[in-house]
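In: Below: sequence and its predicted model.
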Amino acid sequence: MTIATRSGTYVTVLAVLGASHLMNDLMQSLIPAVYPILKETYALDFVQIGMITLTFQIAGAMLQPVIGMVTDRHPAPYSPVVGMMFTLSGLVSLAFAQSYAVILVSVSLIGIGSSIFHPEATRMARYAAGGRQGLAQGIFQVGGQAGGALGPVFAALIIVPWGQPSLAWFAVFALAAMMLLTWIGSKQKQIRAEFTARRASGKLGKEAVHFAPRTIATGVLVLTLLMFTKNTYQESFRSFYTFYLMERFGLSIPSAQMMLFIFLIAAAAGVLIGGIVGDKIGRYRIIWISVLGPLPLTLLLPYADLFWTGMLTVMINLVMASAFASILIYA
């Protein structure tokens, strides 16, 4: 029995990759979701909260290109499993951290785990796409965005009432993801062989277009800047949106977490919609829409009441996230 469907798209593999991405990003999203608890427990100021975010992002961002370069030359189908081990250790460490220094080390481990997970998992999504890159990346990325959105919900329902040690309960997601990724790793050789054969036969379209090194470097630089600005905007919201809602509108921690969930789940919808629409109208157009669309909405945001703050942030994140699949495919 084959796990492939028509057009060479491995739906089962894509679904498992999406589920693994969901669990990976869910565990990551617990970090900003517990900021209000950490701030109160350890009397942290906003600079220290920002340093936690910076430490996590640097740990992931600095190592990920290196991991990608290494796995380009030496495929490592089980490297996402190793990444999940780092995430597991960081999550358990954060659950029982008793000092600010241990918190920083813990989030670094989670960031390293993420950096190891993403390159090979993204490559597998490309292999399993069967020429439908927008849909494949949409499924993969929507898993991550949905997982990121669920973090605040679990924080409101579990971590707020049960406290920081309850973070360790989420280790079950890391263990489940490790099992799924082990299965994915066992399928890589088969899927990669079919991908290579389809590309050689021309069934994947005109992918063998060669550009000058300067053109490639310029393109990658532009795409990197786009991802940098989008992620900076989103991470600022992820880190401080709950504090803004609590201070300006007097929301409780659980209510603010639910507002953050609504904001983040909009990104999951945006990624999936953008991947599908980008295949039809062109990825270049989707990227431009995602760049220009949020601007007028962002300018209105400081003057909005609670209801319109929620509505505007949902629309902003949905439009911004619509280009993620297209940017990854171009890259």
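Out: Noted; the coordinates are in hand.

In: So, low pLDDT: which residues of the stretch 201-331 of the chain?
Out: Low-confidence segments of the stretch 201-331 of the chain, defined by pLDDT under 70: 201-212, 214-216, 219, 324-325, 328-331.

In: again, only this time at 90
Out: For the stretch 201-331 of the chain, the stretches flagged by pLDDT under 90 are 201-243, 247, 252-258, 260-261, 263-295, 298, 301-302, 317-331.

In: Start from the N-terminal end of it and give the helices.
Out: 213-249, 253-281, 283-292, 294-300, 306-321, 324-330 (DSSP state H, counting those that start in this stretch).

In: Is it possible to get a markdown table of those that adds distance to Gln64 and mean neighbour count?
Out: Any C-beta I mention is one placed from the backbone N, CA and C, and that applies to glycine too. Formatted as a markdown table, those follow (distance: least, CB to CB, whole Å; neighbours: other CB atoms under 10 Å):
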| stretch | distance to Gln64 | mean neighbour count |
| --- | --- | --- |
| helix 213-249 | 11 | 15 |
| helix 253-281 | 19 | 22 |
| helix 283-292 | 21 | 17 |
| helix 294-300 | 25 | 14 |
| helix 306-321 | 19 | 19 |
| helix 324-330 | 13 | 23 |
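
In: could you dump those to TSV with distance to Val11?
Out: Output for the helices of the stretch 201-331 of the chain, formatted as TSV (distance: least, CB to CB, whole Å):
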stretch	distance to Val11
helix 213-249	27
helix 253-281	15
helix 283-292	22
helix 294-300	32
helix 306-321	23
helix 324-330	17
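
In: what separates stretch 254-272 from the chain centre, distance-wise?
Out: Distance of stretch 254-272 from its chain centroid, counting by CA atoms, centre = their mean, to the nearest Å, is 13 Å.

In: What helix or strand is the residue positioned nearest the centre of the chain located in?
Out: The C-alpha lying nearest the average C-alpha coordinate of the chain belongs to Gly144 (CA atoms, centre = their mean; 4.4 Å). Using DSSP states H and E, Gly144 sits in helix 133-154.

In: could you give me the average pLDDT of whatever helix or strand comes next after that helix?
Out: Using DSSP H and E, the next helix or strand after helix 133-154 towards the C-terminus is helix 160-162. When pLDDT is averaged along helix 160-162, the result is 87.

In: So what's the gap between stretch 66-81 and the chain middle?
Out: With CA atoms, centre = their mean, you get 18 Å for stretch 66-81.

In: now do the same end-to-end measure for that stretch.
Out: 17 Å (CA to CA, to the nearest Å).

In: what does that stretch contact?
Out: Stretch 66-81 is contacted from outside by 20, 115-117, 119-121, 123-124, 178, 181-182, 184-186, 188-189, 192, using CB atoms under 8 Å, 6 or more residues apart in numbering.

In: List the buried residues of that stretch.
Out: Within stretch 66-81, the residues scored as buried using 16 or more other CB atoms under 10 Å are 67-68, 71, 76-77, 79-81.

In: so Arg192 touches Glu120, yeah?
Out: No: shown here, Arg192 and Glu120 do not form a contact pair, counting by CB atoms under 8 Å, at 11.3 Å.

In: if you count what's nearby, which of those two comes out ahead?
Out: Glu120 (25 against 17; other CB atoms under 10 Å).

In: I'd like the distance between the more buried one and Gln190.
Out: According to CB to CB, to the nearest Å, Glu120 stands 15 Å off from Gln190.

In: quick one: the helix or strand harbouring Glu40 to helix 213-249, angle?
Out: Take DSSP H and E as the rule and Glu40 turns out to sit in helix 35-42. Our comparison of helix 35-42 with helix 213-249, counting by axes from the mean of the first three to the mean of the last three CA atoms, to 10 degrees, yields an angle of 60 degrees.

In: Give me the buried positions along the helix or strand just after helix 35-42.
Out: Later in the chain than helix 35-42, the nearest helix or strand by DSSP H and E is helix 46-73. For helix 46-73, the neighbour count (16+ other CB under 10 Å) marks 49, 51-53, 55-57, 59-60, 63-64, 67-68, 71 as buried.

In: got TSV for these, with distance to Tyr10 and pLDDT too?
Out: As requested, these are exported to TSV (distance: CB to CB, whole Å; pLDDT from 0 to 100):
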residue	distance to Tyr10	pLDDT
Ile49	41	93
Met51	41	94
Ile52	38	94
Thr53	35	90
Thr55	36	94
Phe56	32	92
Gln57	32	86
Ala59	31	89
Gly60	27	82
Leu63	28	84
Gln64	24	84
Ile67	23	86
Gly68	22	82
Thr71	19	82
